[in-house]
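Engineer: one predicted model, sequence on top.
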Amino acid sequence: MPALLVSVRSPEEARAAVAGGAAVIDVKEPDRGPLGRAESEVWRAVREVVPRRVPMSVALGELVEWENQEAPGPSAFAGIDYRKLGLAGAGPNWAEAWGRLRSALGEGPAWVAVVYADWGRASAPHPDRALEVALATKCAGVLIDTWDKSQPSPVDLSWIPWVHSAQQGGLFVALAGGLDVAGIERLAPLSPDLFAVRASACAGADRLGTIETKRVARLARAVRRAQVAVKRALWVGC
């Protein structure tokens, strides 16, 4: 059944998200893009205030941003459950480059592959190819997101077979891309494992704003309604 993931940029936001009912906490810096990488000090500070029962993921930016960056040591990922990396502008040899970076970063949190629904605009791999590589390289899950946050997400119910293929392959599916209460309700039939939000959980629905507990709680209620809808659909299908 789906649960709620909230992306935060500070320990204070993490506390607000957990209080509102977030089941997973993700750390990113929205000023740096859709998967902006926060400093590892922020990762540690957030982990310190988030109960260990609540899984935590971190965004690592885009693959192309790592060309001249030094990989953090293994201790940087202490207490983190998942890590994800965008593939915007990654080029034709992205799978090999991603593999090399994963090797350089070493053992640690499980990997979540990122699929940009607006992959053409992002110059990212086609979703089918990204899923193929995610399955072949034993990722834990896949995130469907949007690269251009100024545009509405192109995800609709035609993605149902794609989501089911990922789940049947053993991946969990997180669905993001400017989701709000209406978006969660509309896309509930996709049956993702996670609905991932930031902007709609922030003051003024501004992704650069501050997470508010009351907004997270409203989104968590929408996800619970989606859970009920999924259960009913399963019951009807029996």
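Structural biologist: Cool, the structure landed. Keep in mind the model is a prediction, meaning the values are calculated, not measured.
Engineer: make it CA atoms for all contacts and neighbour counts henceforth
Structural biologist: Will do.
Engineer: how close does E12 sit to L131?
Structural biologist: Taking Cα to Cα, to the nearest Å as the measure, E12 falls 34 Å from L131.
Engineer: so between the two, which is more surrounded?
Structural biologist: The neighbour comparison of E12 against L131 (other Cα atoms under 10 Å) goes to L131, with 24 against 15.
Engineer: host element of the nearest residue to that one once chain neighbours are set aside?
Structural biologist: The shortest distance from L131 to any residue that is not its chain neighbour, by Cα to Cα, 6 or more residues apart in numbering, is 7.0 Å, and that residue is A166. Element membership of A166 [criterion: DSSP states H and E] is helix 160-168.
Engineer: quick one, what contacts the spatially closest residue to P34 that is not a sequence neighbour?
Structural biologist: Counting by Cα to Cα, 6+ apart, P34 lies nearest to W147, which is 5.9 Å off, once chain neighbours are set aside. Shown in contact with W147 (Cα atoms under 8 Å, 6 or more residues apart in numbering): P34, A88, Y116, A117, D118, W119, R121, A122.
Engineer: secondary structure element holding W147?
Structural biologist: Of the helices and strands defined by DSSP H and E, none includes W147.
Engineer: can you report phi and psi for it?
Structural biologist: Phi and psi for W147, reported as degrees, to the nearest 10, are phi -80, psi -40.
Engineer: surely I160 meets P192?
Structural biologist: No: if you go by Cα atoms under 8 Å, I160 and P192 don't touch, sitting 9.3 Å apart.
Engineer: the two - which one has more neighbours?
Structural biologist: Counting neighbours by other Cα under 10 Å for I160 and for P192 shows that P192 has the greater number, 25 against 15.
Engineer: doesn't that one lie inside a helix?
Structural biologist: No: using DSSP: H, G, I helix; E, B strand; the rest coil, the assignment for P192 is coil, not a helix.
Engineer: name the SS class of P34, please.
Structural biologist: Three-state call for P34 (three-state DSSP): coil.
Engineer: typo on my end, it should be A174
Structural biologist: Of the three states, A174 takes strand under three-state DSSP.
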